[in-house]
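> let's see this in three dimensions:
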Amino acid sequence: MLPAIVALMTNLTASAASFGDDVAFVQNHTGVVVLHDKSQSAQVALAPAWQGRVLTSTANGASGTSFGWINRELISSGKLQPHINVFGGEDRFWLGPEGGQFSIFFAKGAKFELADWLTPAAVDTMPYQLVKQSPDRARFAAAFALTNYSGTRFDIKVSREVRLLSAANAWKKLGVKPASGVSLVAYESDNRITNAGKQPWQKDTGLLSIWILGQFNPAPATTIVVPIKSGLESELGVNVTSDYFGSVPPERLVVRDDVLFFSGDGLYRSKIGVNPKRSKGVLGSYDAASRVLTIVQFTQPEGVTDYVNSQWKLQDHPFAGDVANSYNDGPPAPGAKPLGPFYEMESSSPAAALAPGKSLTHIHRTIHLHGEEKDLDAVARAILGVSLDEIQKALKH
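Residues are numbered from 1 along each chain as shown. The predicted structure is shown next:
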């Protein structure tokens, strides 16, 4: 086998660790906070040193499946990387935009190339303070300043609370009758940014947005599902933006009027995005081999269309960005090493035009369900608008 494929398969095998194994591994390198329900079945692991991110979760205790992707190679090396430290985690706090004249990842005058791309320490290596903790929730805080490509300084305060939801509350959020044969873990991050400076944040000098990204373990039979609003392109925009890293092959992305199917196999680097007029505020994925259905829900204020644009170029429309994205990792070039591999489901808040002292909040919810297909099928139909059979056949796994 080619070295790159061997490495991919090795990483995929390593990702099969249990929740307890993953927590024990990370605890050898940094502090971990574990949230849990009364039965200790649903658990969520958090890392204060890495912006209070959700590292991973499980529905079946320490010996249960670990749903989040964790970069064991990077973490065990103990070495920080210059451009980004991809520690992993299924709910991590970032800020946008990534590219454009208002980017916070490129310094003023830099080229929009990988060599000049730098992830701000505030969303990469900076520890957040654990200010409050209970068995089912933890709150983190941070304060820092960022300067965008255009030279605008932002003084920012962050408050982030991660809450483990009870099974009853999770079923209520799904709007589906509970199924006794399904085990689940559900949590949400409540993220708030505040303008801590003396000047208002305005569109002509750039705005920020809250950006939550979740990294999950890929599998050959994993399909990402994105429900979208059907309608004319002249009114709602394109069904999907899919040219972030070149066009996506048709066997990896199927576009219909009301839903998108996208591969989450971790073998081909590609990314898709949905604008706020198309988005329904929900994403999902299904691993047919493991019978795991994952639902991501997020707040999306009705009628708001100003979202930061993260494309790596000077932009004509810097506030025509996506509200939801999905990324499938893979080798960036033939024979090259992938970041993971992993796949991502992401959501963003609207652009934050905030007066001094004012705040913007964005909630991102993740629910993992494991059980029999007949029970999971009812959830998929209700939340994603498609059956498990349709999901499995869409990309011809």
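
> mind checking the SS state of the residue nearest to the spatial centre of the chain?
The geometric centre of the chain, computed from its C-alpha atoms, lies nearest to Leu213 (CA atoms, centre = their mean), at 2.1 Å. Judged by DSSP: H, G, I helix; E, B strand; the rest coil, the three-state class of Leu213 is strand.

> show me the contacts for it.
Neighbouring residues of Leu213 by CB atoms under 8 Å, 6 or more residues apart in numbering: 91-92, 94, 344, 346. For the C-beta atoms, the positions are set from N, CA and C on the backbone; glycine is no exception.

> which residues of the chain score low on pLDDT?
For the chain, applying pLDDT under 70 flags the ranges 1-15, 397.

> still on that earlier bit, how much space separates the residue nearest to the centre of the chain from Trp94?
Here Leu213 is placed at a distance of 6 Å from Trp94 (CB to CB, to the nearest Å).

> one step back: highest neighbour count among the contacts of Leu213?
Ranked by neighbour count (other CB atoms under 10 Å), the contacts of Leu213 have Asp91 at the top, with 28 neighbours.

> is that residue in a bridge, and if so with what?
Taking DSSP bridges as the rule, Asp91 bridges to Val54.

> Gln215 is in contact with that one, correct?
No. The pair Asp91 / Gln215 is not scored as a contact, 9.1 Å apart, by CB atoms under 8 Å.

> just the residues contacting the helix or strand hosting Ser234, thanks.
Element membership for Ser234 (DSSP states H and E) is helix 233-236. Under the contact criterion CB under 8 Å, 6+ apart, helix 233-236 has outside partners 229, 239, 275, 277-278.

> export these to JSON lines and append columns for neighbour count.
Formatted as JSON lines, the contacts of helix 233-236 follow (neighbours: other CB atoms under 10 Å):
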{"residue": "Lys229", "neighbour count": "14"}
{"residue": "Asn239", "neighbour count": "22"}
{"residue": "Asn275", "neighbour count": "20"}
{"residue": "Lys277", "neighbour count": "15"}
{"residue": "Arg278", "neighbour count": "25"}
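
> so which of those are in strands?
With strands defined by DSSP state E, no entry of the contacts of helix 233-236 lies inside them.

> would you format the residues you listed as TSV with distance to Gln311 included?
Below are those laid out as TSV (distance: CB to CB, whole Å):
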residue	distance to Gln311
Lys229	23
Asn239	18
Asn275	13
Lys277	18
Arg278	17
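
> follow-up on the earlier one: any chance of the contacts of Leu213 in a markdown table, plus distance to Leu369?
Formatted as a markdown table, those follow (distance: CB to CB, whole Å):
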| residue | distance to Leu369 |
| --- | --- |
| Asp91 | 17 |
| Arg92 | 22 |
| Trp94 | 26 |
| Glu344 | 19 |
| Glu346 | 20 |
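
> what's the closest of those to Thr223?
Closest approach to Thr223 among the contacts of Leu213 (CB to CB): Glu344, at 14.3 Å.

> what's the closest non-adjacent residue to Pro48?
Leu130 (4.7 Å; CB to CB, 6 or more residues apart in numbering).

> ok, now how distant is Lys151 from Lys108?
Small correction: residue 151 is Gly, not Lys. 5 Å.

> repeat for Ala143
In terms of CB to CB, Ala143 sits 23 Å off from Lys108.

> now do Ala17
Ala17 sits 43 Å away from Lys108, going by CB to CB.

> next: Gly231.
39 Å.

> that older thread, now what about whatever helix or strand comes next after the helix holding Ser234, what contacts it?
With elements assigned by DSSP H and E, the helix or strand that comes after helix 233-236 is strand 253-255. Residues outside strand 253-255 that contact it (CB under 8 Å, 6+ apart) are 239-240, 242, 260-263, 270, 272, 394-395.

> ok, stretch 198-211 next?
93-97, 101-102, 104, 146, 148-150, 152, 154, 156, 191, 193, 195, 306-308, 318-319, 321, 346-356, 360, 362.

> buried stuff in it?
Across stretch 198-211, burial judged by 16 or more other CB atoms under 10 Å covers 201, 205-211.

> let me know the closest of these to Glu372.
Nearest member of those to Glu372, counting by CB to CB, is Trp211, at 35.2 Å.

> for the stretch 101-250 of the chain, which segments count as helices?
For the stretch 101-250 of the chain, the helices defined by DSSP state H, counting those that start in this stretch occupy 167-174, 233-236.

> C-alpha coordinates for the longest one, CSV please?
What that stands for is helix 167-174. Presented in CSV, the C-alpha positions along helix 167-174 are these (Å, rounded to 0.1, in the frame of the first residue of the first chain):
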residue,chain,number,x,y,z
ALA,A,167,-32.0,12.5,27.6
ALA,A,168,-35.5,13.9,28.1
ASN,A,169,-34.3,17.4,27.1
ALA,A,170,-32.5,16.0,24.1
TRP,A,171,-35.5,14.2,22.7
LYS,A,172,-37.5,17.5,23.3
LYS,A,173,-34.9,19.5,21.3
LEU,A,174,-35.2,16.9,18.5
